[in-house]
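Q: based on what follows, work out the 3D shape:
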Amino acid sequence: MEIKNNTTLSLPKVIRNVHIHFVGIKGTGMAALVEILFHNGAIITGSDVSEYFYTDEIIEKLGLKALPFDKKNITDKTLYVIYSSAYKLDKNPDLIEATRRGIPCLLYTQALGSWSSRAYSAGVCGVHGKTSTSGIIGTILKEIDLPAQVLSGSMINSFGNTCTYTSPLISENHEGKNIFVAETCEYQRHFMSFCPQKILLTSVESDHEDYYPTYQDIRDAFVDYVCKLPDGGDLTYCADDDGAVEVAEIAKNKRNDINLVPYGTKADGEFKLTFGNVENERNKFKIALFDDEFFLRVPGRHEVMDACGAVALVCKLLRTYGKEPIDYVRQIALGLENFSGGKRRSEIVGTGKNKNGDSVIVIDDYGHHPTAVRTTLEGYREFYKGRKLIVDFMSHTYSRTQALLKEFASSTECADEIILHKIYSSARENASDFKITGRSLYEETVKHAKLSGAEPSKVHYFEEPSGAVDFIYNKLNEPLPKKYNDGYIFVTMGAGDNWKVGKAILEKLK
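A: Residues are numbered from 1 along each chain as shown. All right, here's what the predicted structure looks like:
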């Protein structure tokens, strides 16, 4: 297998006993890379803000602690620095000191790209579904005798609540023989540092409008990434997603040698998907290559679609290593059944009972794009048919909310009650540069409810998420109509901090 190496600034070939300092160690991708390098023998230190983040758990499991930013973090023993794009070389004290000392400083994406160059690597990309898909791939690979390492963008339950999975068959001494599957991010073309031998593409549509003003801009970024594939490289793509299909067609026109591998209900061939029923809170489905029926324990047809893509990529990896996928159908089925989601990905935070004895399931989900919000909520509707659905949504970034206002307004329409808040801003944007506010989204959502014949009074607004806790608790204690005989499902959704509302509700339900 010929490995393409497109990185210029690289990690050392031997990682063991190399002191690497991470600036912004609590970032999800950063924490995942910490895990990988730590388990390969690197000496790790790191710095970040003091605010608690769920990745603190990952870092602490390794016996590490995030230090405050300080030039003293950089010592004579520090050989490399890996830093998040949220921090600048000329602004952060750790980075200023590292630069002064002449220590190599790699962006997270450069470090990930460097790591990918030493393995047979597959990049999972797309506007939606990257984390679930990479998590499912890793959960299947846990059951298969391949030397694989997987990096996902969040903590995955089946990984043991970590972001990575490493097979015991992984060898330090077989460069290019190990498999490395990683979630790769499109923002600011970060994935261009990755060195893929295979790519899985889930979806393409407008997002990150601060960097990609038009759909064509983000589409072209994905095309350029796909064109990094080596001669005859596989692009596994979702045939049900118009953007993914368009990227595949454009890339194929540019590079006829690229091997297109479609999956989904609209795909022809081995990875054509057929949806089955939802029974006992399990999705049933079939994939054309196999006679067996598969099961997935997470809600939503979009998750089944991600599972189909994951199976397709695993099958291609098996064949690359001279193995026949049909011989591994039981392992694939077991991996699919063992997948139960990840942190902030349809995560069941807890359950309780209200004053009337009705069951309440509290779920948290990171969905922050209208398409993800809609498909996830529709999945809950199908999965939890007998439950009343109350959704607390917090929009993330002014630029995204402004560009996709009407889409956001309709994305929550299947909920029985909708609670909205102020916009959760990004550190890279200034609120004063935008006219839009959280109340703008509220007003547009009310308007959509009226136009669609729904009851506009089901839409509510609280500037701060904490201000909605008592209101939501009271809603969860209202008598249920007969059609909802299973109880309630309460969902916190978005990339903001409204996940705290779910925790507060669970405390009140005790």
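Q: mind checking which helix or strand the residue positioned nearest the centre of the chain is in?
A: Central residue of the chain (Cα atoms, centre = their mean): T131, 3.0 Å from the mean position. Using DSSP states H and E, the element containing T131 is helix 130-141.
Q: what angle do whichever helix or strand comes after that helix and helix 130-141 make?
A: Downstream of helix 130-141, the first helix or strand assigned by DSSP H and E is strand 148-156. Here strand 148-156 points in a direction 130 degrees away from that of helix 130-141 (axes from the mean of the first three to the mean of the last three Cα atoms, to 10 degrees).
Q: chain center to strand 148-156: distance?
A: For strand 148-156, the separation from the chain centroid amounts to 10 Å (computed by Cα atoms, centre = their mean, to the nearest Å).
Q: mind checking the pLDDT average for that strand?
A: Regarding strand 148-156, the rounded mean pLDDT is 91.
Q: then stretch 122-129?
A: On average, stretch 122-129 scores 95.
Q: same check, this time on stretch 413-430
A: 90.
Q: straight-line length of it, end to end?
A: Terminal residues of stretch 413-430 lie 29 Å apart, using Cα to Cα, to the nearest Å.
Q: what comes up buried for it?
A: 413-426 (16 or more other Cβ atoms under 10 Å). Backbone N, C-alpha and C define where each C-beta goes, glycine included.
Q: how about the residue nearest to the centre of the chain: what's its closest non-neighbour residue?
A: G153 (4.4 Å; Cβ to Cβ, 6 or more residues apart in numbering).
Q: now do D90
A: D90 sits nearest to I96 (Cβ to Cβ, 6+ apart), 6.6 Å away.
Q: tell me the first helix or strand C-terminal of the helix or strand the one you found falls within.
A: According to DSSP H and E, I96 maps onto helix 93-101. Next along the chain after helix 93-101, taking DSSP H and E as the criterion, comes strand 105-107.
Q: endpoints of stretch 455-471, how far apart?
A: Using Cα to Cα, one end of stretch 455-471 lies 18 Å from the other.
Q: does E455 touch E417 like I think?
A: No. Taking Cβ atoms under 8 Å as the definition, E455 is not a contact partner of E417, at 9.9 Å.
Q: take the buried residues of stretch 413-430 and keep only those in strands.
A: For the buried residues of stretch 413-430, the ones inside strands are 417-420, with DSSP state E as the criterion.
Q: which of those lies closest to I58?
A: Taking Cβ to Cβ as the measure, I419 is the one of these closest to I58, at 30.2 Å.
Q: tell me the contacts of that closest one?
A: The neighbourhood of I419, defined by Cβ atoms under 8 Å, 6 or more residues apart in numbering, consists of 390-393, 460-462, 468, 471-472.
Q: which of those fall within strands?
A: Those of the contacts of I419 mapping onto strands are 390-393, 460-461, per DSSP E.
Q: which stretches in the stretch 301-450 of the chain count as strands?
A: Assigned by DSSP state E, counting those that start in this stretch, the stretch 301-450 of the chain shows strands spanning 347-353, 359-365, 387-394, 417-420.
Q: what is the mean pLDDT for the longest one?
A: The reference is to strand 387-394. On average, strand 387-394 scores 97.
Q: picking up where we left off before, which one of the strands of the stretch 301-450 of the chain is the most hemmed in?
A: strand 417-420 (a mean of 26; mean count of other Cβ atoms under 10 Å).
Q: hmm, the residue nearest to T131 is touching A182, no?
A: No. Contact between G153 and A182 fails when scored by Cβ under 8 Å: they sit 9.1 Å apart.
Q: find residues that contact each of these two.
A: What both G153 and A182 touch, as defined by Cβ under 8 Å, 6+ apart, is the set S134.
Q: who's more crowded, those two?
A: Ranked by neighbour count (other Cβ atoms under 10 Å), G153 and A182 place A182 first, with 31 against 24.
Q: could you pull out the helices in the stretch 101-250 of the chain for me?
A: Counting by DSSP state H, counting those that start in this stretch, the stretch 101-250 of the chain has helices at residues 108-116, 130-141, 215-226, 242-254.
Q: TSV for the ones you listed, including distance to A148?
A: Listed next are the helices of the stretch 101-250 of the chain as TSV, based on distance: least, Cβ to Cβ, whole Å:
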stretch	distance to A148
helix 108-116	13
helix 130-141	4
helix 215-226	22
helix 242-254	24
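Q: which of these sits most buried?
A: helix 130-141 (a mean of 28).
Q: quick one: the residue nearest to the centre of the chain from A119, how far?
A: Counting by Cβ to Cβ, to the nearest Å, the separation of T131 from A119 is 20 Å.
Q: ok, L296 next?
A: To A119, L296 is 28 Å away according to Cβ to Cβ.
Q: and if you look at E183?
A: Applying Cβ to Cβ to E183 and A119 gives a distance of 15 Å.
Q: who's more crowded, the two?
A: Just comparing E183 and A119: by other Cβ under 10 Å the higher neighbour count belongs to E183, 28 against 24.
Q: pretty sure the more buried one sits against I136.
A: No. Using Cβ under 8 Å, E183 makes no contact with I136, being 11.7 Å away.
Q: which intervals of this structure have sub-threshold pLDDT?
A: 1-8, 172-176 (pLDDT under 70).
Q: which helix of it spans the most residues?
A: Using DSSP state H, we find that the single longest helix of the chain is helix 301-320.
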